[in-house]
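[1] with the sequence up front, the predicted model follows.
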Amino acid sequence: MIWDFNFNLPTSIEFGNGTVNNVGKRAKELGGNKVLIITDKGLAQTGILKRVTDSLEQEGVSFLVYDEITPNPKDVDCVKAYEKFKDENIDLLLGLGGGSSMDTAKAIGVLFTHEGELKDRYGFNLLERDITPLICIPTTSGTGSEVTTGSVITDTITKQKEAILDLKLAPKLAIVDPELTLTLPKSITAATGMDALTHAIEAYTSNIAEPISDALSLYAIEIIAKYLPLAVENGNDLEARQNMLVGSLIAGMAFTHADLGAVHAMAEPLGGLYDTPHGVANSIFLPHVFEYNIPSNPEKHATVAVKLGAKAEGKTVEEIAQEGVVLLHELASKIGIPKFRDLDNVDPEDFEFLAESAFKHLCTITNSRKLSKDDYLKLFQITYGMKMQHSS
């Protein structure tokens, strides 16, 4: 195969235990005189926020805190923060938390530096200039948003998740400290870890994957498959936490360059409609989409299966890939991911709408196998445990 590709990583990465204590120095180096910290109320009540603010205070950097971030961040929340702080002379943003905090910080940066509404920027390369300088500090091993060039925001009018995708959105610095993930509850560890695994698998099997993203994806799959059950079982296992954070980080680098596929095309409409946690939605659809995609590239799917722990000896490529499906189901079950049917507010009457939304999603274009709206409908039905039906 002959590739043509570009690989651009505009974010500097500082990884290690205790690196959060350097944030004050790094903020000053980036010219930060007044920092807006974007986080959630849960983190604001832990010692994690205090470690950040102590470091800023030590370096004489002033700061304000916006702690009203919710899962699946919404456009109205971004606007609310912008309106509250637009006259405060903020010159540095700091996203502290999971993907919701970091994506919201990016969107606030867009509002600080661009006229108009967020919806004017949904899509590829629609920013005219860099956003307000941004430091991201992840506290989950999931989204990789600390190194991605995208921000996913729920449009509260259409109930759809939308994406702003642009290099100008990239954080200037990612401070990646495994110690900050030690307090993460089992359920969030599981869901965010499966989100990272989905990123790695979809990036590897994407129809625009390239050699660097492949290398990153394969390593991420291998270490996430090994360490995610350990991190869920014992949240204080620092080795597991370190490896999960590396896996999440490099999976983020991989999908920034290779994009994603039908799992995200299905999961994001589900999150937009029902507010389902993103990692849970990905986990639910991942085995089913993986199985659907096998015919498009059996070799790559078999390679994923081996990284997940499948035994290859004496089997055909297709049989190895099918073992990957089994292993993905087993992993989700082992770490306590709920079934699609067990989610509280899912209504099969909505599957037509969800299938239409998935079909229109940007990730459909880069999925390894072509899908129609009807294919998506069948996948929603199969995942829910319904008999396959054809849409009218």
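    Thanks, I have the structure now. This one's a predicted model, so the numbers in the text were calculated from it and none came from an experiment.

[2] tell me where the chain has strands.
    Read by DSSP state E, the chain holds these strands, from start to end of the chain: 12-15, 34-38, 62-66, 92-97, 123-124, 134-138, 150-155, 160-165, 173-176.

[3] for these, which one sits closest to A107?
    When those are compared for distance to A107 using CB to CB, the nearest one is strand 150-155, at 5.0 Å. To be clear about C-beta, it is placed using only N, CA and C from the backbone, and glycine gets the same treatment.

[4] can you list contacts of that closest one?
    72-75, 78, 99, 103-104, 106-107, 110, 118-119, 122, 145, 160-166, 169, 256, 268, 271-272 (CB atoms under 8 Å, 6 or more residues apart in numbering).

[5] stretch 361-380 too?
    Among residues not part of stretch 361-380, those counted as contacts by CB under 8 Å, 6+ apart are 163, 202, 205-208, 258-262, 264-266, 268-269, 285, 288-289, 292-293, 295-297, 300, 351-352, 354-356, 358-359, 388-391.

[6] bridged to D40, which residues?
    Assessed by DSSP bridges, D40 has beta-bridge partners E68.

[7] what number of residues lie near it?
    Neighbour count for D40, taken as other CB atoms under 10 Å: 22.

[8] contacts only, for it.
    Residues touching D40, when contacts are defined by CB under 8 Å, 6+ apart, comprise 67-70, 97, 100-101.

[9] check what pLDDT it gets.
    The predicted structure scores D40 at 94 on the pLDDT scale.

[10] please apply the same query to the one 3 residues further on.
    pLDDT, L43: 89.

[11] could you give the mean pLDDT of stretch 151-167?
    Stretch 151-167 shows a mean pLDDT of 93 in the predicted model.

[12] report the buried residues of it.
    Of all the residues in stretch 151-167, those buried under the rule 16 or more other CB atoms under 10 Å are 151-155, 160-166.

[13] rewinding a little: filter the contacts of stretch 361-380 down to the buried ones and hand me the ChimeraX line.
    Paste this into ChimeraX to select the buried members of the contacts of stretch 361-380, with burial taken from 16+ other CB under 10 Å:
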select :163,202,205,206,258,259,260,261,262,264,265,266,268,269,285,288,289,292,293,297,300,351,354,355,358,359
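
[14] ok, back up a step: narrow the contacts of strand 150-155 to those that are buried.
    Burial of those was assessed by neighbour count (16+ other CB under 10 Å); the buried members are 72-75, 78, 99, 103-104, 106-107, 110, 118, 122, 145, 160-166, 169, 256, 268, 271-272.

[15] just these: which are in helices?
    Assigned to helices by DSSP state H, the following of the buried ones among the contacts of strand 150-155 qualify: 75, 78, 99, 103-104, 106-107, 110, 256, 268, 271-272.

[16] that older thread, min pLDDT across the contacts of D40, which one?
    Least confident by pLDDT among those: that is T70, with 88.

[17] tell me how far that one lies from I90.
    Distance of T70 to I90, given as CB to CB, to the nearest Å: 21 Å.

[18] which helix is the longest one in this structure?
    From DSSP H, the single longest helix across the chain is helix 211-233.
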